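> Next one to model:
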Amino acid sequence: MAHLSIPSPVGALSIFSDDEEIVALDWGRVEPDGDSPVLNAAAEQLRQYFAGELATFDLPLRPEGTEHERAVWQAMCDIPFGETRTYGDLATATGSVARAVGGACGRNPIPVIIPCHRVVGADGSMTGFSGGEGVETKQWLLRHEGALLL
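The predicted model follows:
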């Protein structure tokens, strides 16, 4: 699996690819291993996103998960930049329940690109975030996108 790290306003991010598809993004720095056009594209798109120049990622993604998790992650990708949806909204969209959506959010292997930070509690509360500094990172990402924080 090829990987590289980039600096970001929310900490060092490491991007992982396999067969020219992005399979994971994690916080922390790793030594580069392999040169890959898809990794370079992901790094450039993330730089543009953090610079406020990109609202929609266009990358080949292959998140590993159950059928339910993949459906939830796709529903997250459908949330427009600068907007949020509740766990209940995603549950309705995927024929699931809010608790199961929350579990899928926590297991999202490609955060930021698959925007689990755009999912909030029914009252708009920041219920958690598995990356970076947790809720602070989620709030930073939502402010960066201009999403209304309740």
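> wait, is Pro80 part of a strand?
No - under DSSP: H, G, I helix; E, B strand; the rest coil, Pro80 falls outside any strand and is assigned coil.
> Can you pull the domain assignment for this structure?
Under the assignment automatic domain parsing, the domains of the chain span 2-50, 67-145.
> how far is the first one from where the chain is centred?
Averaging C-alpha positions (CA atoms, centre = their mean, to the nearest Å) puts domain 2-50 13 Å from its chain's average.
> One more: the longest one?
Using CA atoms, centre = their mean, we find the averaged C-alpha position of domain 67-145 to lie 8 Å away from the chain's own average C-alpha position.
> Please apply the same query to stretch 37-52.
Centroid separation for stretch 37-52 versus its chain: 13 Å, with CA atoms, centre = their mean.
> List just the one of the domains of the chain that sits closest to Leu59.
domain 2-50 (5.3 Å; CB to CB). Every C-beta, even on glycine, is put in place using the N, C-alpha and C of the backbone.
> Give the rounded mean pLDDT of that closest one.
Confidence for domain 2-50, expressed as mean pLDDT, is 94.
> How about stretch 69-86?
Here the average pLDDT along stretch 69-86 is 96.
> which parts of the helix of greatest length in the chain are buried?
Criterion DSSP state H: the longest helix present in the chain is helix 37-50. The neighbour-count check on helix 37-50 (16 or more other CB atoms under 10 Å) flags Val38, Leu39, Ala41, Ala42, Ala43, Gln45, Leu46, Tyr49, Phe50 as buried.
> what's the answer for stretch 90-97, then?
Buried, per 16+ other CB under 10 Å, within stretch 90-97: Leu90, Ala91, Ala93, Thr94, Ser96.
> of all those, which two lie farthest apart?
Across those (CB to CB), the longest gap, 8.4 Å, separates Ala93 and Ser96.
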